[in-house]
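**Student:** would you be able to build a 3D model of this:
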Amino acid sequence: MRILIYSYNYHPEPIGIAPLMTELAEGLVQRGHEVRVVTAMPNYPERKIYPAYRGKGYITEERNGVKIQRCYVWIRPNPGLLTRFLLESSFVGLSFLKSLQGWRPDVILYTSPSLPVSVPVALLKLIYRCPTVLNLQDILPEAAIQTGLISNRFAIRVFETLESFAYRSSTRISVIAEGFRQNLLGKGVPNSKMNIISNWVDVNFIRPMDKYNNAFRQANGLGDKFVVLYSGNIARTQGIQTVIRAAAQLQHLENLVFVIVGEESQLSDLDELRQELGIHNVLLRPFAPRAELPEMLAAADVGLIVQKKNVVGFNMPSKTQVLLASGRPILAAVPAHGTAAQAIRASGGGLVVKPEDPEDLAQAVQNLYENPQLAESLGQQGRRHAMHEYSFEQALNRYELLFKQVVLENRGLLPYAADMSPQMAPAAETPVNAQLPPHTR
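**Tutor:** Predicted coordinates for the structure are as follows:
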């Protein structure tokens, strides 16, 4: 098939949606499909266009067989309502022009966030007469409202209208967890329009490695210390201050250290809190290249997932699958009934504690510190679960099958939603493949 992926984030951005869309695009190419990606100039998580891409309106690249069409975006480090509008508008307008420069796709996959991109994708659906699949990584504006990112009533109404439009205009919606499906059912989205396809992890790239003969430990002087690691975005939804305050309660454990890895500008507030509390067992480090991620994860004894109390229940951090695949136990300070807590309990690879409760988090860390066999058992079970439930090949099978089915439905060769379950289990490909024209097989 010819597959157009419309995603604000893509390689070389190191975290979030970008690695997922990059792996999906390149995996589809390896299976013989043609893929082009319409995306923004890389800017995440710093929210600054990377130096090599500055001062340019458009760039077309090719990487591992994928044609990448990039456009300029108006981006600022701490966007307010106006700058957020300019960001979304610049991407919607400029990316749409770029999307028209290339072959006609058989299917379009687009990701949310962002919601406004549903407008140009709906136009492309009419122009190219092809189906579209919305990949829902977060439910906006609900998540943004509850975390305080959006408070302006007019903006909320605009985004709610866009949300409804996105659900109506897409041919199919892929959601990453059951909680997402339940949320959309409550908004009137038909069950037959949705497929649950979990985010994945490359279990060959992220894998258990030696903990002590480890470049990350050596570079940061960690020696044989018990390492509690948080790595990822540091934003309103996380509440990383809880980690600093938990560390303050464990200073008596001299062989224990908390390591927080994030975007350099986001670490300054944490450093101020660290100094204010006068603690010495927290190490703050900036992001390293993605190629070094497996070593960094392997250096940990425990991996952290942290959310605030008010995070909406369906939020599912993408780091969950990554930490499970690393073979290290997870400590998740997340809402007890949310999607993240459910996924971690189901995996058997970690423990769930109260969010924004330093004492509870500190107690759980000490429990694993004093019970290394428990930590080892949790890590091994998490790895097994990741290989069984979150392998990239499984997700790739499901997306490929979904694309083939919507293409056949669009051409009248298959009844709508024929033989499809919400979970989209992999199925035999021959009957579907046989009906496709040569260039779409």
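**Student:** SS state for residue 238?
**Tutor:** coil (DSSP: H, G, I helix; E, B strand; the rest coil).
**Student:** what about residue 158, helix or strand, and which?
**Tutor:** helix 153-169 (DSSP states H and E).
**Student:** contacts only, for the residue nearest to residue 122 when sequence neighbours are not counted.
**Tutor:** In space, and not counting its chain neighbours, residue 122 is closest to residue 169: 4.3 Å by CB to CB, 6 or more residues apart in numbering. No exception for glycine: its C-beta is placed from N, CA and C like everyone else's. By CB atoms under 8 Å, 6 or more residues apart in numbering, residue 169 lies in contact with 118, 121-122, 125, 132.
**Student:** same check on residue 320?
**Tutor:** Counted by CB under 8 Å, 6+ apart, residue 320 has contacts 305, 330, 340, 343-344.
**Student:** for residue 155, state which of these is nearest.
**Tutor:** residue 340 (26.7 Å; CB to CB).
**Student:** any idea of the pLDDT on the nearest residue to the closest one once chain neighbours are set aside?
**Tutor:** Of all residues not flanking residue 340 in the chain, residue 334 sits nearest, at 4.6 Å (CB to CB, 6+ apart). At residue 334, the pLDDT value in this model is 93.
**Student:** what's the answer for the one 3 residues further on, then?
**Tutor:** The per-residue pLDDT reported for residue 337 equals 87.
**Student:** what do you get for residue 318?
**Tutor:** As predicted, residue 318 sits at a pLDDT of 84.
**Student:** against residue 163, how distant is it?
**Tutor:** 21 Å (CB to CB, to the nearest Å).
**Student:** next up, phi/psi of the residue lying closest to residue 403 once chain neighbours are set aside, please.
**Tutor:** Using CB to CB, 6+ apart and skipping the chain neighbours, the partner closest in space to residue 403 is residue 107 (4.9 Å). When quoted as degrees, to the nearest 10, the phi and psi of residue 107 stand at phi -160, psi 150.
**Student:** list the contacts of residue 107.
**Tutor:** 1-4, 130-133, 403, 406-407.
**Student:** same check, this time on residue 54
**Tutor:** Residue 54 neighbours (CB under 8 Å, 6+ apart): residue 41.
**Student:** quick one, phi/psi of it?
**Tutor:** According to degrees, to the nearest 10, residue 54 has phi -80, psi 150.
**Student:** check which helices and strands the host helix or strand of residue 373 sits against.
**Tutor:** Remark: residue 373 resides in helix 372-389, with elements defined by DSSP H and E. Packed against helix 372-389 by the contact rule (3 or more CB pairs under 8 Å, 6 or more residues apart in numbering; DSSP states H and E) you find helix 319-325, helix 339-347, strand 350-353, helix 358-370.
**Student:** got those as JSON lines, with distance to residue 114 columns?
**Tutor:** Below are these laid out as JSON lines (distance: least, CB to CB, whole Å):
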{"stretch": "helix 319-325", "distance to residue 114": "21"}
{"stretch": "helix 339-347", "distance to residue 114": "21"}
{"stretch": "strand 350-353", "distance to residue 114": "30"}
{"stretch": "helix 358-370", "distance to residue 114": "33"}
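**Student:** which of the ones you listed sits most buried?
**Tutor:** Among those, ranked by average contacts under mean count of other CB atoms under 10 Å, first place goes to helix 319-325 (a mean of 28).
**Student:** could you list the low-confidence segments of the stretch 101-250 of the chain?
**Tutor:** 143, 146-149, 235-237 (pLDDT under 70).
**Student:** so where do the helices sit in it?
**Tutor:** 118-128, 142-146, 153-169, 178-185, 215-219, 241-248 (DSSP state H, counting those that start in this stretch).
**Student:** return the most buried member of those helices.
**Tutor:** Using mean count of other CB under 10 Å, helix 241-248 ranks as the most buried of the helices of the stretch 101-250 of the chain, with a mean of 22.
**Student:** now do that one against helix 358-370, angle only.
**Tutor:** For helix 241-248 against helix 358-370, the angle by axes from the mean of the first three to the mean of the last three CA atoms, to 10 degrees is 60 degrees.
**Student:** how about residue 48, what does it touch?
**Tutor:** Per CB under 8 Å, 6+ apart, neighbours of residue 48: 75, 77.
**Student:** let's verify it: helix, strand, or coil?
**Tutor:** Once three-state DSSP is applied, residue 48 turns out coil.
**Student:** quick one: contacts for residue 379?
**Tutor:** So residue 379 contacts 208, 326-329, 349 (CB under 8 Å, 6+ apart).
**Student:** give me that answer again for 10 Å
**Tutor:** 208, 300-303, 323-324, 326-330, 349-350, 368 (CB atoms under 10 Å, 6 or more residues apart in numbering).
**Student:** just give me the neighbour total for residue 101.
**Tutor:** Neighbourhood size, residue 101 [other CB atoms under 10 Å]: 11.
**Student:** assess the claim that it and residue 4 are in contact.
**Tutor:** No: counting by CB atoms under 10 Å, residue 101 stays clear of residue 4, with 11.5 Å between them.
**Student:** okay, and the common contacts of these two?
**Tutor:** In contact with both residue 101 and residue 4: 36, 38, 69, using CB under 10 Å, 6+ apart.
**Student:** out of those, which is most surrounded?
**Tutor:** Neighbour tally across the shared contacts of residue 101 and residue 4 (other CB under 10 Å): the maximum, 31 neighbours, falls on residue 38.
**Student:** am I right that it falls within a helix?
**Tutor:** No: counting by three-state DSSP, residue 38 is located in no helix; its state is strand.
**Student:** who are the contact partners of it?
**Tutor:** Per CB under 10 Å, 6+ apart, neighbours of residue 38: 4-8, 10, 67-71, 91, 94-102, 108, 110, 117, 120-121, 124.
**Student:** what's the distance between residue 350 and residue 319?
**Tutor:** For residue 350, the distance to residue 319 - CB to CB - is 12 Å.
**Student:** list residues touching both of those two?
**Tutor:** Here residue 350 and residue 319 have 303-305, 330 as joint contacts, going by CB under 10 Å, 6+ apart.
**Student:** now neighbour count too, for these, in CSV please.
**Tutor:** Formatted as CSV, the shared contacts of residue 350 and residue 319 follow (neighbours: other CB atoms under 10 Å):
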residue, neighbour count
303, 27
304, 27
305, 23
330, 24
